[in-house]
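> missing the sequence, but the structure's below:
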């Protein structure tokens, strides 16, 4: 039991350092592993979408399998991407992948064109007429262009995205894209220098969430254009999840899609094993001012998130606690330990110290998918469609 407590302490230490909601109960409130196993026996992923049932919605809806996730940068989006990709992997879903980007499948800015996509499952290459309205899921980076997405996605597709507090998103992008390697001083000192500079030439540090969601950079300082675009997004996107309330957001996703709790389980991806010192309030204000469009976007959809939580009904807290127990069960069923390893950031060739999950011996394929990096799941999906 002593070793078990150490293990739970490790889980909590990793998760509380991420900027997300804490995932697991404090040690004192957890049942023993044997007790939890009797209550929460692991369920295999559902593979038959026609005959499966939802585990807590009492059969009042049928699971929905068509989904567009407008992936944003440095918001924890890779974790959500993996949830959706694992869901689609076990259901033989067709994913929107750029056939010219075999490493990630991302769609480059403005390049969502049928003749640049990997074909859907069981469709021949270059049979472009059969590509139309024949994709189930999109999870890669792209700029939100609803008219183009409607051409390739099945008509019943739901649309979601993920937003993060612009202060945290900006700081994460600043570090990830190597700006701390270009100068001297603490991360905060270098952020201030960058913000005070006359030239800002990095699109990832300029209202990037709003850019991902389709607003041109020329309109970032136009308050009327920003407000109109937010209203447009509120009409067109079914759910915007919030990173700071990730578990709460996932419950809303589960309800929207009529998925089971098992369908939204996850282990966090691309997590730094150490973080910078907290920024001062004055620096946070500078970041919010610079990212004014992102700030308006985040504030609006953070408010709508809580409206949706309120309308979820009285079971919300019960379901949230149940989901946290399922998360704990997943970790203990799949993971032996979590360690750190140096990983090179794609394209930038900058080393990162990231958390690595090591699975238990004789683990299942499902646990392997959960624990491995998202790129491993992507390779499986790519191989299935690259016929």
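Noted; the coordinates are in hand. What you are looking at is a predicted structure, and each value in this text was computed from that prediction instead of being measured.
> got any ranges where the stretch 101-250 of the chain has weak pLDDT?
109-110, 198 (pLDDT under 70).
> Tell me where it has strands.
In the stretch 101-250 of the chain, the strands defined using DSSP state E, counting those that start in this stretch lie at 137-138, 158-163, 239-242.
> Can you report how many residues neighbour residue 322?
Neighbours of residue 322 under the rule other CB atoms under 10 Å: 17. Using the backbone N, CA and C atoms, a C-beta is placed for each residue, glycine as well.
> three-state assignment of it?
helix (DSSP: H, G, I helix; E, B strand; the rest coil).
> Numbering from 39 from now on, please.
In the new count, where the first residue is 39, that last one comes out as residue 360.
> State the distance from it to residue 124.
Separation of residue 360 from residue 124 (CB to CB, to the nearest Å) stands at 20 Å.
> Tell me which of the strands of the stretch 139-288 of the chain sits most buried.
Most buried of the strands of the stretch 139-288 of the chain, by mean neighbour count (mean count of other CB atoms under 10 Å): strand 175-176, with a mean of 24.
> biggest helix in this structure by residues?
As assigned by DSSP state H, the longest helix anywhere in the chain is helix 330-350.
> What is the distance between that helix and the centre of its chain?
17 Å (CA atoms, centre = their mean, to the nearest Å).
> The stretch 139-288 of the chain: helices as residue ranges?
Using DSSP state H, counting those that start in this stretch, the helices of the stretch 139-288 of the chain run over 184-190, 204-214, 225-234, 246-250, 261-274, 284-295.
> Tell me which other helices or strands the longest one touches.
It refers to helix 261-274. With contacts defined as 3 or more CB pairs under 8 Å, 6 or more residues apart in numbering; DSSP states H and E, helix 261-274 has these neighbours: helix 330-350.
> So what touches the helix it packs on?
Contacts to helix 330-350, defined as CB atoms under 8 Å, 6 or more residues apart in numbering, come from residues 201-204, 207, 245-248, 251, 253, 257-259, 261, 264-265, 268, 271-272, 277-280, 283, 286-287, 289-290, 293, 326, 354.
> again, only using 7 Å
Contacts of helix 330-350 with the rest of the structure, by CB atoms under 7 Å, 6 or more residues apart in numbering, involve 201, 203-204, 245, 247-248, 253, 258-259, 264, 268, 272, 278, 280, 283, 286-287, 290, 293, 326, 354.
> from these, which would you call buried?
Listed as buried from the contacts of helix 330-350 are 201, 203-204, 245, 247-248, 253, 258, 264, 268, 278, 280, 283, 286-287, 290, 293, 326, 354; burial here means 16 or more other CB atoms under 10 Å.
> Can you give me the buried ones in stretch 264-273?
Applying 16+ other CB under 10 Å to stretch 264-273 flags 264, 267-268, 271 as buried.
> And for stretch 158-176?
So, applying 16+ other CB under 10 Å, buried residues of stretch 158-176: 158-159, 161, 169, 172-176.
> Would you format the residues you listed as JSON lines with distance to residue 403 included?
Converted to JSON lines, the buried residues of stretch 158-176 look like this (distance: CB to CB, whole Å):
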{"residue": "158", "distance to residue 403": "24"}
{"residue": "159", "distance to residue 403": "19"}
{"residue": "161", "distance to residue 403": "26"}
{"residue": "169", "distance to residue 403": "29"}
{"residue": "172", "distance to residue 403": "27"}
{"residue": "173", "distance to residue 403": "25"}
{"residue": "174", "distance to residue 403": "21"}
{"residue": "175", "distance to residue 403": "20"}
{"residue": "176", "distance to residue 403": "24"}
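> Give me the below-cutoff pLDDT ranges for the stretch 289-425 of the chain.
For the stretch 289-425 of the chain, the stretches flagged by pLDDT under 70 are 308-314, 382-388.
> Recalculate using a threshold of 80.
The model of the stretch 289-425 of the chain has pLDDT under 80 over residues 307-314, 378-392, 412, 425.
> just the helices in it please.
Under DSSP H, counting those that start in this stretch, the stretch 289-425 of the chain gives helices at 319-328, 330-350, 354-372, 403-409, 412-423.
> still on that earlier bit, which one of the helices of the stretch 139-288 of the chain is the most hemmed in?
Comparing these by mean neighbour count (mean count of other CB under 10 Å), helix 246-250 comes out on top with a mean of 25.
> which other helices and strands contact that helix?
Under the contact definition 3 or more CB pairs under 7 Å, 6 or more residues apart in numbering; DSSP states H and E, helix 246-250 sits against helix 330-350.
> In JSON lines, list the helices of the stretch 139-288 of the chain along with distance to residue 142.
Formatted as JSON lines, these follow (distance: least, CB to CB, whole Å):
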{"stretch": "helix 184-190", "distance to residue 142": "18"}
{"stretch": "helix 204-214", "distance to residue 142": "15"}
{"stretch": "helix 225-234", "distance to residue 142": "27"}
{"stretch": "helix 246-250", "distance to residue 142": "15"}
{"stretch": "helix 261-274", "distance to residue 142": "24"}
{"stretch": "helix 284-295", "distance to residue 142": "22"}
